[in-house]
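> With the input below, show me the fold.
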Amino acid sequence: MFKITKAVALTLSFTLLPLAPLTAGVNASANCTKLNSTKTVKGVDYTCVNSGKKKIWTKAAAPVITTTTTTVPLPVLATTPRTPPFSGTGFFDADLITASDPTVFQTLTAKGQAERTMFDRRPAAFIKLNAFLFDAKYSDGLTIEIQVNPEFGSSAAAQLQAEKYAPVIGRLPKGLRLSVETVWIHKGIYDFGGGNKNLLIHTERGDEYIASGFLEEIFLHEGVHTSLDDPYATSTGWLTAQKNDQGNFISTYARDNPTREDLAESFLVWFAVRHRSARITSDNASTVTQTMPNRLAYFDSLKIDLAPLK
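Below is the predicted model:
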């Protein structure tokens with residue numbers, strides 16, 4: 001039998017004393033020697049302070065953290081539609097096409113009179129008339145029948161009207177004349193029109209357009225209706241471009257009539273920015289590119305024949 005001696009008992013009693021856990025920090029009541037001295041144990045800071053007649057370790061006060069709240073205004077989202085920069089683009093710039101630009105008009109041939117159905121804005125109706133007829137031929141192979149209301153009184157008077165407008169129409173891009181089969185000419189101060197494979201003219205309004213220098217630009221707009229509306233105005237590509245321009249429109253006329261007028265309104269300024277940049281102001285060019293970048297890209301993709309213009 002093993003005899004436990006005093007020395008062994010002392011040894012056992014020592015080894016059986018509870019050990020401080022490894023994660024324990026500095027005992028708050030433990031003495032320290034140097035006032036204000038510091039130490040860090042397991043990431044906790046301690047400071048030597050007076051406590052009555054003793055100096056003991058105590059946890060250092062946590063630093064005071066101050067925060068400043070700054071209010072930052074939210075940016076204006078690109079999805080917020082802007083107010084259209086123009087009321088209508090037909091009067092965007094009078095120098096997009098001028099009398100000094102080339103025309104492909106060649107000849108005008110009188111064909112007498114015959115019955116034709118023509119739209120007249122004055123009664124706002126299609127009417128049958130014994131119209132004066134002329135064939136306008138163009139050097140790019142297109143021919144247009146010009147139908148003149150008999151109210152002008154004579155073939156000679158009607159021919160003067162046809163001769164006034166046929167060369168101007170020949171300055172339009174071929175892509176805008178491809179679907180033009182007829183031109184209707186009436187008296188009256190009523191707006192021009194496009195569509196129905198036709199260009200509609202009211203001569204007293206035409207005189208106003210000529211005086212202001214915007215006749216060719218108005219024909220540009222109407223030529224879009226005649227030749228581009230049918231294939232493109234409701235196409236997926238065009239509708240996607242409209243949508244991607246985040247609800248922005250180049251004119252109030254386009255915004256208020258997005259299906260009927262946006263293509264024509266937008267084409268004119270596309271032509272201005274892409275093909276007449278030297279004739280327009282940099283401010284106007286910037287306004288167009290910022291307002292309708294996706295529409296511009298869409299027109300770029302169409303590769304419309306712009307001859308005789310460059």
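> how about stretch 148-155: buried residues?
For stretch 148-155, the neighbour count (16 or more other C-beta atoms under 10 Å) marks Val148, Asn149, Phe152, Ser155 as buried. C-beta here means a position set from N, CA and C on the backbone, and glycine is covered the same way.
> correct me, but the second one touches His186?
Going back to what we said before, that points to Asn149. Yes - judged on C-beta atoms under 8 Å, Asn149 makes contact with His186 at a distance of 4.6 Å.
> Pull the most distant pair out of the buried residues of stretch 148-155.
Using C-beta to C-beta, the pair of those lying farthest apart is Asn149 and Ser155, separated by 12.5 Å.
> shared neighbours, the two?
Phe132 (C-beta atoms under 8 Å, 6 or more residues apart in numbering).
> what packs against the lengthiest strand in the chain?
If you go by DSSP state E, the chain has its longest strand at strand 105-120. With contacts taken as 3 or more C-beta pairs under 8 Å, 6 or more residues apart in numbering; DSSP states H and E, strand 105-120 sits against strand 125-138, strand 143-148, helix 155-169, strand 182-186.
> Now render those as a markdown table, adding mean pLDDT and distance to Thr40.
Putting the helices and strands packed on strand 105-120 into a markdown table (pLDDT from 0 to 100; distance: least, C-beta to C-beta, whole Å) gives the following:
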| stretch | mean pLDDT | distance to Thr40 |
| --- | --- | --- |
| strand 125-138 | 98 | 94 |
| strand 143-148 | 99 | 95 |
| helix 155-169 | 98 | 91 |
| strand 182-186 | 98 | 95 |
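> any chance of those in CSV, plus distance to Thr252?
What follows is the helices and strands packed on strand 105-120, written out as CSV (distance: least, C-beta to C-beta, whole Å):
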stretch, distance to Thr252
strand 125-138, 28
strand 143-148, 32
helix 155-169, 27
strand 182-186, 28
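> coming back round to it: shared neighbours, Asn149 and His186?
Common neighbours of Asn149 and His186 (C-beta under 8 Å, 6+ apart) are Met118, Asp120.
> which secondary structure element contains Glu204?
In this assignment (DSSP states H and E), Glu204 forms part of helix 203-212.
> Give the buried residues for that helix.
For helix 203-212, by 16+ other C-beta under 10 Å, it's Thr203, Arg205, Gly206, Tyr209, Ile210.
> Find the residue closest to Leu96 in space, skipping its chain neighbours.
Arg276 (5.0 Å; C-beta to C-beta, 6 or more residues apart in numbering).
> contacting residues around the host helix or strand of Thr240?
Using DSSP H and E, Thr240 sits within helix 236-244. The contact list for helix 236-244 (C-beta under 8 Å, 6+ apart) reads Tyr232, Pro258, Asp262, Leu263, Met292, Asn294, Arg295, Ala297, Tyr298, Ser301.
> Apply 10 Å and report the result again.
Applying C-beta atoms under 10 Å, 6 or more residues apart in numbering, the contact partners of helix 236-244 are 228, 231-233, 235, 248-249, 254, 258-259, 262-263, 266, 292-299, 301-302.
> Buried ones among the residues you listed?
Judged by 16+ other C-beta under 10 Å, buried ones among these: 228, 232-233, 248-249, 254, 262-263, 266, 292, 294-296, 298-299, 302.
> Next up, the contacts around the nearest residue to Ser227 once chain neighbours are set aside.
Using C-beta to C-beta, 6+ apart and skipping the chain neighbours, the partner closest in space to Ser227 is Ser179 (4.1 Å). Residues near Ser179 by C-beta under 10 Å, 6+ apart: 142, 194-198, 223, 225-231.
> And the pLDDT at the nearest residue to Pro293 once chain neighbours are set aside?
Excluding the flanking residues, the one nearest Pro293 by C-beta to C-beta, 6+ apart is Asp245, at 6.9 Å. Asp245 is assigned 97 on the pLDDT scale.
> again, but for the one 5 residues further on
We note a pLDDT of 98 for Ile250 in this prediction.
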